[in-house]
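A.B. asks: What follows is a predicted protein model with its sequence.
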Amino acid sequence: MHQSSPFANATNLQSGAGSSSSNAGRATAGSGPAPISQSPEAPKLRVTDLPDVDEPSAWPAENDEMRIDEPDELPPAGLFDGVQVFPGDGLPMETRPLIGALEPMATLRAEYENGSQSFVKQIDWLMDQGWIGIRRTRGDGDCFYRSLAFAYIEQILNATEPQLAALKALSILDQMPSQLKAVGFQELVFEDFHDAFADLIKAVVEPRVDGRLLTISSLLKAFNEPETSNSVVMYLRLLASAHIKGNPDSYAGFLLHPETAESMDPESFCNNFVEAFGKEADHVQINALSSMLKVNINVAYLDGHDPNGRVSYVKFQDAAEDPDTEPVNLLYRPGHYDILDRRSEDPIPLLLE
Amino acid sequence: MAVSSRRLQKELMDIKKEGTPVGIELLKADDFSKWILSVEVLGDTVYKGEKFALMFRFDNQYPISAPAVQFVVDDKWSAPEHPICASILGSEWSPVLSVVSVCVTIQSMLASCKVCPCLTAHTRAALLTGRGFSSA
């Protein structure tokens, strides 16, 4: 594993995209839908600084290093202050599903049509790249963890050999309890959460109590039951925390207070910003989970900053390229994560169940 | 079994097997909705030797949701509301914490004299007269 080098390479992480996203997040997350009152400031990227992402249907090929696409060119925190960039789907936060059915990207586009044209351009660009679907999550501060968990299991279900992919995931999960204990978590604190997550993956291979194997439909149902869904979110939080606490040298200098940007020690960073519910994830937590679960995570940044409407990707590459499974693809808008998809609706069997 | 009962059962077993930290005692845990523990302040502080009873109430989302914790004033435990102003019981609650670890935090809060404002002289007096819980 590249525990220190990929992170050390990402020196601009917190000064650029990292701090910008977390601060913008405070400004917009959970505030619910509101009309766009003004467009974001003119984008500041120079054309020559654009990431080289011309390939129409694939993420740029990469090795197993985390790569940051020009985050130092993103505007500083504060750009979003007072600017509503997250119109949402018109529902109050608490009535939105924890995680929704797949919907066409065009519906997201429609929400921005009367507002920020730079977002519309970027959505068009994503659709041209084949990202025609979006699965939304509730903007409750847990959206990154919930999106990742869902997409991680969905990616197992969609693998060419789902059973094999499930067994592989389970063998990785089997190593987690000892890592959690090694950084001081009591077994009673994590085992129920571990089981909640592992049981869903086991259900790809063995029928659940209802006698059926996991389907996209039952996965969606499970993720909308608060008990299961929040247990899974908590488990991912614990895993991220364990990686940070277990590899303090790799994270030294990156554990910054999201508001004050003061440097923090791993213990208090994790206690306050990883293990507590509703605390948003940033690069540090994403990197930690990519490492723990050995899953590649691509995050597309829909931020309205690019004059040509392109979208920057941040890639967290901690797993070897696996021909059977796709990386997890997430869409970031300031303060919120959803799941990107190449399909615009869930597969037909969902309708029959 | 609800997630809260499952977790509290484990915490109870852990207390029975491992015991509680010095100065902390489980007084009452008849069900999975309300527990009473006592916390004795250690060290040389204004509260030295004082013993406070804490009531924990759990909803069925515990430990995902924080327990409601308050000081108990008399032996009928019909305490007026004295919610404890510890950030770990609010926005910084995490399921990583347990009943015992909350008691330890409150114990050290009291020991370092970082007393929450709700613990006024009046409350303290009431708490002191309310001592003498037994675990019977």
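C.D. replies: Nice, thanks for sending it over. These figures come from a predicted structure and were not determined experimentally.
A.B. asks: Okay, now the unreliable bits of the stretch 201-350 of chain A?
C.D. replies: For the stretch 201-350 of chain A, applying pLDDT under 70 flags the ranges A:319-325, A:348-350.
A.B. asks: sorry, that was for the stretch 51-200 of chain A
C.D. replies: Counting by pLDDT under 70, the stretch 51-200 of chain A shows low-confidence ranges at A:51-92.
A.B. asks: repeat for chain B
C.D. replies: Within chain B, the stretches with pLDDT under 70 are B:1, B:46, B:73-83, B:85, B:113-136.
A.B. asks: Let's verify the most centrally placed residue in it: helix, strand, or coil?
C.D. replies: Taking C-alpha atoms, centre = their mean, the centroid of chain B lies closest to B:Leu54, which sits 3.7 Å from it. Under DSSP: H, G, I helix; E, B strand; the rest coil, the three-state class of B:Leu54 is strand.
A.B. asks: Name the residues of the helix or strand B:Cys103 falls within that are buried.
C.D. replies: Taking DSSP states H and E as the criterion, B:Cys103 maps to helix B:99-111. Within helix B:99-111, the residues scored as buried using 16 or more other C-beta atoms under 10 Å in any protein chain shown are B:99-107, B:109-111. C-betas here are computed from N, CA, C, even on glycine.
A.B. asks: Could you pull out the buried residues of stretch B:86-100?
C.D. replies: B:86, B:88-89, B:92-100.
A.B. asks: just to revisit the earlier point, the residue nearest to the centre of chain B and B:Ser38 touch, don't they?
C.D. replies: Yes. B:Leu54 is in contact with B:Ser38 according to C-beta atoms under 8 Å; the separation is 7.3 Å.
A.B. asks: Please enumerate the helices of chain B.
C.D. replies: Using DSSP state H, the helices assigned to chain B run over residues B:3-18, B:99-111, B:121-129.
A.B. asks: Which phi and psi values does the residue nearest to A:Ala165 when sequence neighbours are not counted adopt?
C.D. replies: Nearest residue to A:Ala165 in three dimensions, chain neighbours excluded: A:Ala159, at 3.7 Å (C-beta to C-beta, 6 or more residues apart in numbering or on different chains). With angles defined as degrees, to the nearest 10, A:Ala159 sits at phi -60, psi 160.
A.B. asks: distance of A:Ala159 from chain B?
C.D. replies: From A:Ala159 across to chain B, the span is 30 Å (C-beta to the nearest C-beta, to the nearest Å).
A.B. asks: That residue and B:Phe71: what is the separation?
C.D. replies: Distance from A:Ala159 to B:Phe71, counting by C-beta to C-beta, to the nearest Å: 54 Å.
A.B. asks: again, but for B:Phe58
C.D. replies: Going from B:Phe58 to B:Phe71 by C-beta to C-beta gives 17 Å.
A.B. asks: Next to chain A, which bits of chain B? Give me the list.
C.D. replies: Contact residues (C-beta under 8 Å from any C-beta of the partner chain) of chain B with chain A: B:3, B:6-7, B:10-11, B:14, B:61, B:63-64, B:91-96, B:98.
A.B. asks: wait, which of those is closest to B:Ile24?
C.D. replies: Nearest to B:Ile24 out of the residues of chain B next to chain A is B:Ser98 (C-beta to C-beta; 11.6 Å).
A.B. asks: List the residues that contact that closest one.
C.D. replies: A:186, A:188-189, B:11, B:63 (C-beta atoms under 8 Å, 6 or more residues apart in numbering or on different chains).
A.B. asks: try 6 Å
C.D. replies: Contact partners of B:Ser98, counting by C-beta atoms under 6 Å, 6 or more residues apart in numbering or on different chains, are B:Glu11.
A.B. asks: same deal with A:Gly133?
C.D. replies: Going by C-beta under 6 Å, 6+ apart, the list of residues near A:Gly133 reads A:102, A:341, A:343-344.
A.B. asks: What separation do you get for the closest residue to it other than its chain neighbours and chain B?
C.D. replies: Among residues not flanking A:Gly133 along the chain, A:Asp341 sits closest, at 3.6 Å (C-beta to C-beta, 6+ apart). Counting by C-beta to the nearest C-beta, the separation of A:Asp341 from chain B is 28 Å.
A.B. asks: Can you give me the neighbour number for A:Asp341?
C.D. replies: Using other C-beta atoms under 10 Å in any protein chain shown, A:Asp341 is surrounded by 23 other residues.
A.B. asks: ditto for A:Asp195
C.D. replies: A:Asp195 has 14 neighbouring residues, counting by other C-beta under 10 Å.
A.B. asks: Double-check that it belongs to a helix.
C.D. replies: Yes. Assessed by three-state DSSP, A:Asp195 belongs to a helix.
A.B. asks: Roughly how far does it sit from B:Arg6?
C.D. replies: 10 Å.
A.B. asks: Equivalent analysis for A:Lys294, please.
C.D. replies: Separation of A:Lys294 from B:Arg6 (C-beta to C-beta): 29 Å.
A.B. asks: right, and the residue nearest to the centre of chain B touches B:Leu37 too?
C.D. replies: Yes. With contact defined as C-beta atoms under 6 Å, B:Leu54 counts as touching B:Leu37 (5.2 Å).
A.B. asks: Please name the nearest non-neighbouring residue to the spatially most central residue of chain A.
C.D. replies: By C-alpha atoms, centre = their mean, chain A has its centre lying nearest to A:Phe144, at 4.1 Å. Distances taken as C-beta to C-beta, 6+ apart place A:Ala281 nearest to A:Phe144, at 3.9 Å, with adjacent residues excluded.
A.B. asks: Can you report how many residues lie near that neighbour?
C.D. replies: For A:Ala281, using other C-beta under 10 Å, the count is 26.
A.B. asks: can you check A:Ala182 too?
C.D. replies: 11.
A.B. asks: Just give the nearest non-adjacent residue to it, would you?
C.D. replies: A:Gly246 (6.4 Å).
A.B. asks: got the residues of chain A near chain B?
C.D. replies: A:188-189, A:192, A:227, A:230, A:234, A:275-276 (C-beta under 6 Å from any C-beta of the partner chain).
A.B. asks: Can you list which of the residues you listed are found in helices?
C.D. replies: Among the residues of chain A next to chain B, the members falling in helices (DSSP H) are A:188-189, A:192, A:227, A:230, A:234.
A.B. asks: quick one: which of the residues you listed is most hemmed in?
C.D. replies: Counting neighbours by other C-beta under 10 Å, A:Met234 comes out on top of these with 27 neighbours.
A.B. asks: What residues does it make contact with?
C.D. replies: Taking C-beta under 6 Å, 6+ apart as the criterion, A:Met234 is in contact with A:193, B:95.
A.B. asks: how much space between it and B:Pro95?
C.D. replies: Distance, A:Met234 to B:Pro95, using C-beta to C-beta: 5 Å.
A.B. asks: circling back to that earlier point, show me what the helix or strand hosting the residue nearest to the centre of chain A is packed up against.
C.D. replies: Under the criterion of DSSP H and E, A:Phe144 resides in helix A:143-157. Here helix A:143-157 is seen to pack against strand A:133-137, helix A:162-174, helix A:226-246, strand A:328-333, strand A:336-341 when contacts are counted using 3 or more C-beta pairs under 6 Å, 6 or more residues apart in numbering or on different chains; DSSP states H and E.
A.B. asks: Show me the strands paired with the last one, marking each as parallel or antiparallel.
C.D. replies: Pairing partners of strand A:336-341, with direction, according to DSSP bridges: strand A:133-137 (antiparallel), strand A:328-333 (antiparallel).
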